[in-house]
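Undergrad: Need the 3D shape of this:
(chains A, B and C)
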Amino acid sequence: MLSIETFVIVSVIKIVIALFVLLTAVAYTVWLERKVVGHIQNRWGPTRVGPFGLLQPLADGIKFLFKEDLTPPHVYKPLYIAAPMIALVCALTSISVIPVGNWVTVAGVHTPLQITDLNIGLLLILGITSMGVYGVALAGWSSNNKYSLLGGLRASAQMVSYEVSLGLSLVGVLILAGSFSLRDIVEAQGGHFWGFIPKWNIFYGGQIIAFFIYLISAYAETNRVPFDLPEAESELVAGYHTEYSAMKFAMFFMAEYANMITVACVASLLFLGGWHGPVFGPPILQAILPIFWFVLRVFGFLFVYIWVRGTLPRFRYDQLMAFGWKFLLPLAIANLVITALVVTLRS
Amino acid sequence: MEVHSGIEPMIHLTLFLLFGGICVAGAVNLLAQRHPINSALSLVVVMGSLAGEYLLLGAEFVAAIQVIIYAGAIMVLFVFVIMLLNAGEEERTGGSRVALLFGVPGMLIGTVLMAWVLLERSGTQAVSMGALPGAPKTIGWLLFHDFLLPFEVTSVLVLIAIMGAVVLASHPESVQQRNKER
Amino acid sequence: MVPLSYYLILSGILFACGVTGFLIKRNIITIFLSIELMLNGANLSFVAFAAQWHALSGQVFVFFVMVVAAAEAAVGLAIIIAVFRTRETLNVDRVNLLKL
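TA: Next up, the predicted model:
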């Protein structure tokens, strides 16, 4: 057991590393999106700044820092300034319960590759997603602009509606794993069946429908195509972030991509087996390979996100809400009932 | 994690006072603010700090549910309605001045009296940090065995509330006809 | 080791603030918020006593209180919207005639 000082130091180091990695991942997800959508649309994407445009996020960051941060006169200042902070804080906090690998021993300290392993880790992520709605709603309201208000209301109504199906699609996985702790859920997916097929929840657990419900709800939760009506340029000017410029807009932008990454991490942990994969070699390789398998899954999920963005048209708002309440929610409940029945009958 | 038993009561008291202070500040701010949106956001702060208090008492599942459902859904509904109706700040009418003058000191005296009674004569012991761990598994067991009837009744209650809210908030036909005739 | 009476005092302060808000505020939505504050104070009492008597049913009951609060908030806000449509005001002192 660690002493309290070691525990604090180790936790602070983990938090710093996790934040740094997450922010870099956000920047490079933006780059990935621009490249992939560019190639889907038969053009190059960023190619000028650095090889393959890899330094483009750096150039964008510098641009945001130097842009004029103007605050329109008739906004409600306290909430106008607080809303992007709420959005960004909620987006970045979810990383604290996401495990990326097994327990490792670094410099004599035996510690899990996770900032904290809560008993209710998954509930924490759901709770933080619920709090993220405030960032959007308050941004729309405080801007004192009818387009922003409408965009903010629509976006938050959409997020609240799809939160329900998101949560319900995860309950099937919880029934199979028996715990809310993310590490326990991943460890329940170890091993193989029929010799070589891994026991991921999407195959062995039969949660393939739940995976697709989660995928669709995640697109709606993060306000991405095909559910990005609230922030589409051709619809509502720019929705809830119409009146924001420079750094505050960058905060919303980062929050959206950080939410995407969090959702991708949760999907990889719950449905795709976490960090399980072939592990071999010396101890240093054995510590790093699970991280590599995890990052591979997250990258695959993000690629599907971006691929869908480049391919599908967007839903109209009433179609979107009808789809969420009248189709996804009953399907998620049916999945839950069937999973519960199968688990009870099997035991 | 081994914590020196000497420092744990201090941490418990400090965290209790911190969360309790934020709670009371949020509650007083709810009363002091003129615009309902500020009151609603103060209430969200109160609910968040209450979730911290529940964690101090060991009720982890209840704390998570407080954040997800109370602060994350019910208060979002309140914020929606405030944003939709957009009625603006509250006006001070005559009746409310009298209530302010007599009610607030009266309530303060009542609270102080209650606090004195509780501190002197309650006869309850101290609770340790995380006194009663409320794991989801045990709470779920209780919910579906001992409390099954209240659980089913509340589900019917929620169904009735949904139907009622949809009917009440929809446009009544008579208002539309009256507007057409004008 | 925090004495249980501290938790009860906090719960009582929240409840008192809720009652005060209910009586002195004139905006109907703020009155509803004060009701929610009172319910939260009661929830804290439930959880505190559950810790004292080591009875988990205290924590289970918090769920029922939350569900009731949700149902009441939904119906209450729908009524507020309906009243606002006809009276154009959210001030309870102005909603004082049975017929417009």
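
Undergrad: quick one: terminal-to-terminal distance for stretch A:87-105?
TA: 35 Å (C-alpha to C-alpha, to the nearest Å).

Undergrad: Could you give me the buried positions within it?
TA: A:87-102, A:104 (16 or more other C-beta atoms under 10 Å in any protein chain shown). The C-beta positions use only the backbone N, C-alpha and C, and glycine is treated the same way.

Undergrad: ok, now stretch A:307-326?
TA: Applying 16+ other C-beta under 10 Å to stretch A:307-326 flags A:309, A:314-315, A:317, A:320-321, A:323-324 as buried.

Undergrad: Distance check, residue A:172 against chain C.
TA: 22 Å (C-beta to the nearest C-beta, to the nearest Å).

Undergrad: Tell me where chain B has strands.
TA: For chain B, the strands defined by DSSP state E occupy B:126-127.

Undergrad: no no, chain C
TA: Using DSSP E, strands in chain C cover C:2-3.

Undergrad: Could you look up the SS state of the closest residue to residue A:272 other than its chain neighbours?
TA: Distance criterion C-beta to C-beta, 6 or more residues apart in numbering or on different chains; nearest residue to residue A:272, sequence neighbours excluded, is residue A:297 at 4.8 Å. The local conformation at residue A:297, judged by DSSP: H, G, I helix; E, B strand; the rest coil, is helix.

Undergrad: residues contacting residue A:297?
TA: Contacts for residue A:297 (C-beta atoms under 8 Å, 6 or more residues apart in numbering or on different chains) come out as A:268, A:272-274.

Undergrad: which one of those has the most neighbours?
TA: residue A:274 (29 neighbours; other C-beta atoms under 10 Å in any protein chain shown).

Undergrad: Can you give me the pLDDT of it?
TA: On pLDDT, residue A:274 comes in at 84.

Undergrad: Is it correct that it falls within a helix?
TA: No - counting by three-state DSSP, one finds residue A:274 to be coil, located in no helix.

Undergrad: The closest residue to it other than its chain neighbours and residue A:297: what is the separation?
TA: Excluding the flanking residues, the one nearest residue A:274 by C-beta to C-beta, 6+ apart is residue A:186, at 3.3 Å. Distance of residue A:186 to residue A:297, given as C-beta to C-beta, to the nearest Å: 11 Å.

Undergrad: Quickly list what's touching both of those two.
TA: Contacts common to residue A:186 and residue A:297, judged by C-beta under 8 Å, 6+ apart, are A:273-274.

Undergrad: Before we move on, what's the pLDDT of residue B:148?
TA: 94.

Undergrad: what's the spacing between it and residue A:243?
TA: In terms of C-beta to C-beta, residue B:148 sits 51 Å off from residue A:243.

Undergrad: Okay, domains of chain B per the record?
TA: Domain assignment for chain B, taken from automatic domain parsing, gives B:1-90+B:129-134, B:147-182.

Undergrad: Out of the ones you listed, which gets nearest to residue A:291?
TA: domain B:1-90+B:129-134 (24.5 Å; C-beta to C-beta).

Undergrad: Smallest gap between chain B and chain A, at which residue?
TA: residue B:72 (2.6 Å; C-beta to the nearest C-beta).

Undergrad: Give the burial count for that residue, as a bare number.
TA: Using other C-beta under 10 Å, residue B:72 is surrounded by 24 other residues.

Undergrad: what sits against it?
TA: By C-beta under 8 Å, 6+ apart, the neighbours of residue B:72 are A:127, A:129-131, A:133.

Undergrad: Just give me the closest of these to residue A:4.
TA: Nearest to residue A:4, judged by C-beta to C-beta, of the contacts of residue B:72 is residue A:127 at 26.9 Å.

Undergrad: is it true that that closest one lies in a helix?
TA: Yes - assessed with three-state DSSP, residue A:127 lies in a helix.

Undergrad: before we move on, back to that, tell me which two in the contacts of residue B:72 are the farthest apart.
TA: Among these, A:127 and A:133 lie farthest apart (C-beta to C-beta), at 11.4 Å.

Undergrad: Convert the C-alpha atoms of stretch A:321-336 to CSV, please.
TA: Only the C-alpha atoms of stretch A:321-336 are listed here, as CSV (Å, rounded to 0.1, in the frame of the first residue of the first chain):
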residue,chain,number,x,y,z
MET,A,321,-36.0,13.8,-31.8
ALA,A,322,-38.5,11.3,-33.1
PHE,A,323,-35.7,8.9,-33.9
GLY,A,324,-34.3,9.2,-30.4
TRP,A,325,-37.5,8.8,-28.4
LYS,A,326,-39.5,6.5,-30.6
PHE,A,327,-36.9,4.2,-32.0
LEU,A,328,-33.7,4.1,-30.0
LEU,A,329,-35.2,4.2,-26.6
PRO,A,330,-37.6,1.2,-27.1
LEU,A,331,-34.7,-0.7,-28.8
ALA,A,332,-32.4,0.0,-25.8
ILE,A,333,-35.0,-1.1,-23.4
ALA,A,334,-35.7,-4.3,-25.4
ASN,A,335,-31.9,-5.0,-25.5
LEU,A,336,-31.8,-4.5,-21.7
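
Undergrad: Are the longest helix seen in chain B and chain C in contact anywhere?
TA: As assigned by DSSP state H, the longest helix anywhere in chain B is helix B:94-121. Yes - using C-beta under 8 Å from any C-beta of the partner chain, helix B:94-121 reaches chain C at B:95-96, B:99-100, B:103-104, B:107, B:110-111, B:114-115, B:118-119.

Undergrad: how about that helix: buried residues?
TA: For helix B:94-121, burial by neighbour count (16+ other C-beta under 10 Å) applies to B:96, B:99-100, B:103, B:107, B:111, B:114-115, B:118.

Undergrad: quick one: which of those residues is nearest residue A:282?
TA: residue B:118 (62.6 Å).

Undergrad: Spatially nearest residue to the closest one (excluding sequence neighbours)?
TA: Per C-beta to C-beta, 6+ apart, closest to residue B:118 is residue C:5, 4.4 Å.

Undergrad: ok, that neighbour - contacts?
TA: For residue C:5, the contacting residues are B:118-119, B:122, B:124, by C-beta under 8 Å, 6+ apart.

Undergrad: Just give me the closest of these to residue A:344.
TA: Among the contacts of residue C:5, and counting by C-beta to C-beta, the member closest to residue A:344 is residue B:124, at 41.7 Å.

Undergrad: now residue A:149: how far from chain B?
TA: Taken as C-beta to the nearest C-beta, the span from residue A:149 to chain B is 7 Å.

Undergrad: ditto for residue A:150
TA: According to C-beta to the nearest C-beta, residue A:150 and chain B sit 10 Å apart.

Undergrad: what about residue 64, neighbour count?
TA: Unless you meant another one, I'm taking chain A. Around residue A:64 there are 18 residues (other C-beta under 10 Å).

Undergrad: actually chain C
TA: 17.

Undergrad: what does residue A:331 give?
TA: Residue A:331 - counted by other C-beta under 10 Å - has 18 other residues nearby.

Undergrad: Local confidence estimate at the residue nearest to it when sequence neighbours are not counted?
TA: Closest residue in space to residue A:331, ignoring its immediate chain neighbours: residue A:213 at 6.1 Å, by C-beta to C-beta, 6+ apart. For residue A:213, the pLDDT comes out at 94.

Undergrad: doesn't residue A:269 make contact with residue A:125?
TA: No - using C-beta atoms under 8 Å, residue A:125 is not in contact with residue A:269; the gap is 9.9 Å.
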